[in-house]
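Engineer: Fold the following and give me the result.
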Amino acid sequence: MGEMESEPDASLVRRAQAGDSEAFGALVGWYKRVAYAVGLSVTGRHNPAEDAAQEGFMVALERLARSIPPTPYVRPGPGIPAAVPCRDC
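Structural biologist: Below is the predicted model:
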């Protein structure tokens, strides 16, 4: 298991806020399947779901600088249902 794979999300978010693109990439890597699944459940189609997931990560990147301190989340995985918070829904 790589170092970033075991690093808590809050730590990765703090590093991403400081400009660490590898930390942001690690977060994207963990959550891309969940973002795609949410996009697919909304759009019902592959390409729009991918676009929605990508747009979500772009918005997250833009908002990192002004985000509140991170709170702990449970990463999605086998047997762990995904919960995706949405402040602008």
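Engineer: Using the three-state scheme, assign Q54.
Structural biologist: Following DSSP: H, G, I helix; E, B strand; the rest coil, we place Q54 in the helix state.
Engineer: For A18, give me phi and psi.
Structural biologist: The phi and psi values for A18, taken as degrees, to the nearest 10, are phi -80, psi 0.
Engineer: so who does the closest residue to Y36 other than its chain neighbours touch?
Structural biologist: Spatial nearest neighbour of Y36, excluding adjacent residues (C-beta to C-beta, 6 or more residues apart in numbering): A53 at 4.6 Å. The C-beta positions use only the backbone N, C-alpha and C, and glycine is treated the same way. Residues near A53 by C-beta atoms under 8 Å, 6 or more residues apart in numbering: 32, 35-36, 38-39.
Engineer: Kindly recompute the last result at 6 Å.
Structural biologist: A53 is in contact with 35-36, 39, counting by C-beta atoms under 6 Å, 6 or more residues apart in numbering.
Engineer: what ranges do the strands span in the protein?
Structural biologist: With strands called from DSSP state E, the chain shows none.
Engineer: which stretches of it aren't confidently modelled?
Structural biologist: When residues are selected by pLDDT under 70, those of the chain lie in 1-5, 68-89.
Engineer: got the residue ranges for the helices in it?
Structural biologist: 3-6, 9-17, 21-43, 46-63 (DSSP state H).
Engineer: Hey, what's the angle from the third one to helix 9-17? Just curious.
Structural biologist: In terms of direction (axes from the mean of the first three to the mean of the last three C-alpha atoms, to 10 degrees), helix 21-43 departs from helix 9-17 by 110 degrees.
Engineer: send the alpha carbons of helix 21-43 over as PDB?
Structural biologist: Extracted in PDB, the C-alpha atoms of helix 21-43 (Å, rounded to 0.1, in the frame of the first residue of the first chain):
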ATOM      1  CA  SER A  21      -1.200  18.200  -7.100                       C
ATOM      2  CA  GLU A  22      -0.200  14.700  -6.100                       C
ATOM      3  CA  ALA A  23      -2.400  14.900  -3.000                       C
ATOM      4  CA  PHE A  24      -5.300  16.100  -5.100                       C
ATOM      5  CA  GLY A  25      -4.600  13.300  -7.600                       C
ATOM      6  CA  ALA A  26      -4.800  10.800  -4.800                       C
ATOM      7  CA  LEU A  27      -8.200  12.100  -3.700                       C
ATOM      8  CA  VAL A  28      -9.400  12.000  -7.300                       C
ATOM      9  CA  GLY A  29      -8.100   8.400  -7.500                       C
ATOM     10  CA  TRP A  30     -10.100   7.400  -4.400                       C
ATOM     11  CA  TYR A  31     -13.300   9.100  -5.400                       C
ATOM     12  CA  LYS A  32     -13.500   8.900  -9.200                       C
ATOM     13  CA  ARG A  33     -15.600   5.700  -9.200                       C
ATOM     14  CA  VAL A  34     -18.100   7.200  -6.700                       C
ATOM     15  CA  ALA A  35     -18.300  10.500  -8.700                       C
ATOM     16  CA  TYR A  36     -18.900   8.500 -11.900                       C
ATOM     17  CA  ALA A  37     -21.600   6.400 -10.200                       C
ATOM     18  CA  VAL A  38     -23.400   9.500  -9.000                       C
ATOM     19  CA  GLY A  39     -23.100  11.000 -12.500                       C
ATOM     20  CA  LEU A  40     -24.400   7.800 -14.100                       C
ATOM     21  CA  SER A  41     -27.400   7.600 -11.600                       C
ATOM     22  CA  VAL A  42     -28.300  11.200 -12.600                       C
ATOM     23  CA  THR A  43     -27.700  11.100 -16.300                       C
END
